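Colleague: sequence first, predicted model second:
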Amino acid sequence: MIVARRSADIHVHEIAAKSILNRVQGMPFEWSINPYAGCAHQCVFCYARATHAYRELDGVTAWGSEIFAKVNAPAVLRRELARPGPRIREVAIGTATDPYQAIEGKYRLTRGILIELSRARTPMHLITRSGLILRDLDVLTEFAARAEISICVSLPTLDAALARELEPTVAPPAKRLIAVRRLAQAGIRVGVAVAPVIPGLTDDPATLTAVVRAAAEAGASFAWHSVLNLGDVTRDAFFAYLDERHPELVRRYRAMYHSKYPPAAYARDVSARFTGAAATTEFRPPARIMSEASPELTLFA
């Protein structure tokens, strides 16, 4: 039986990180930052479940129970940004954890990281499923006046009941759209990630169109999508979910997912549906916040 883990059942380990900036290969960005290892959201489709193996933890049954907070992250990042060498051109935050999961309310590591990146005028892209990001509107607004930033709010469906199945401890879709609206109203470039698209559950044209249009109506500047991938560990977790909640789909999934990825023809079909939804939707980005501040030559003094 799938049960959302209570906060009292989550053990947070405070650790000291040696490095915060991670070099990335084969992605649109060169560097990533994850202030936490592990995530309390417990999304059944999360590809990051496999990262638990590095700490000899079970990414199927223990995912969401053990979170590692890199308590020195802002200080380490400041040192790394001050090192001589080529300027960091762009950083992605939240590639393997949600930087605004609930414990960020206590540790404020993401806030500290944003402050350091803003001081260094380092372009940044952040992805989250949490409305807690609104706490940092002040930092984000100042950041947007100093460097290019974009925020992406993950929203695979508008169906609150289905969202609760797929993302047991994540804010309901309506609350995530509120976050999109308030970020846009603040003049911050924000978009929506319809990700992942779940075969048989969220991949029909009407569902995709509804999410894209809701995003645009909330003030999003863009929307993108990705199809469900089932790598090691994630595959076991997702099939456990299907066995309990949607057994009628199990045979279809076993036929589709012989490997991590669905058939190329399916991915192309979903892409065509999404493109069609976006083509009939008008996005109206907020006015760009421009910075006329002079460079801070004493930034790292």
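Modeller: Cool, the structure landed.

Colleague: can you pull out the strands in the stretch 1-150 of the chain?
Modeller: For the stretch 1-150 of the chain, the strands defined by DSSP state E, counting those that start in this stretch cover 11-15, 22-23, 31-33, 36-37, 66-70, 91-93, 124-128, 149-154.

Colleague: quick one, what contacts residue 184?
Modeller: Counting by C-beta atoms under 8 Å, 6 or more residues apart in numbering, residue 184 touches 190, 218, 219, 220, 221, 285, 286. Where you see a C-beta, it was placed from the backbone N, CA and C, and this is true even at glycine.

Colleague: quick check: beta-bridge partners of residue 23?
Modeller: With DSSP bridges as the criterion, residue 23 is bridged to residue 31.

Colleague: does it really touch residue 80, like I thought?
Modeller: No: counting by C-beta atoms under 8 Å, residue 23 stays clear of residue 80, with 11.3 Å between them.

Colleague: more crowded one of the two?
Modeller: residue 80 (16 against 8; other C-beta atoms under 10 Å).

Colleague: all helices of the stretch 1-150 of the chain, in order?
Modeller: 73-82, 104-107, 109-119, 137-144 (DSSP state H, counting those that start in this stretch).

Colleague: most packed of those?
Modeller: helix 109-119 (a mean of 22; mean count of other C-beta atoms under 10 Å).

Colleague: what's it packed up against?
Modeller: Counting contacts by 3 or more C-beta pairs under 8 Å, 6 or more residues apart in numbering; DSSP states H and E, helix 109-119 packs against helix 73-82, strand 91-93, strand 124-128, helix 137-144.

Colleague: again, 7 Å this time
Modeller: helix 73-82, helix 137-144 (3 or more C-beta pairs under 7 Å, 6 or more residues apart in numbering; DSSP states H and E).

Colleague: who's in contact with that helix?
Modeller: For helix 109-119, contacts defined as C-beta atoms under 7 Å, 6 or more residues apart in numbering pick out 33, 35, 69-70, 73-74, 77-78, 81, 91, 93, 99-100, 104, 124, 136, 139-140, 142-143, 146-147, 299.

Colleague: tell me the angle of it relative to strand 66-70?
Modeller: Calculated by axes from the mean of the first three to the mean of the last three C-alpha atoms, to 10 degrees, helix 109-119 forms an angle of 30 degrees with strand 66-70.

Colleague: and residue 66, how far from residue 49?
Modeller: For residue 66, the distance to residue 49 (C-beta to C-beta, to the nearest Å) stands at 12 Å.

Colleague: looking at the two, which is more packed in?
Modeller: Each of residue 66 and residue 49 has its neighbours counted (other C-beta under 10 Å); residue 49 has more, 28 against 17.

Colleague: can you tell me which residues contact the more buried one?
Modeller: Per C-beta under 7 Å, 6+ apart, neighbours of residue 49: 59, 63, 233, 234, 237.

Colleague: got a winner among these for most neighbours?
Modeller: Most neighbours among the contacts of residue 49, by other C-beta under 10 Å: residue 63, with 26 neighbours.

Colleague: state the distance from it to residue 189.
Modeller: From residue 63 over to residue 189 (counting by C-beta to C-beta), the distance is 31 Å.

Colleague: can I get the helices of the stretch 1-150 of the chain in TSV with distance to residue 129 and mean pLDDT?
Modeller: Shown next, in TSV, are the helices of the stretch 1-150 of the chain (distance: least, C-beta to C-beta, whole Å; pLDDT from 0 to 100):
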stretch	distance to residue 129	mean pLDDT
helix 73-82	20	97
helix 104-107	12	97
helix 109-119	13	98
helix 137-144	17	97
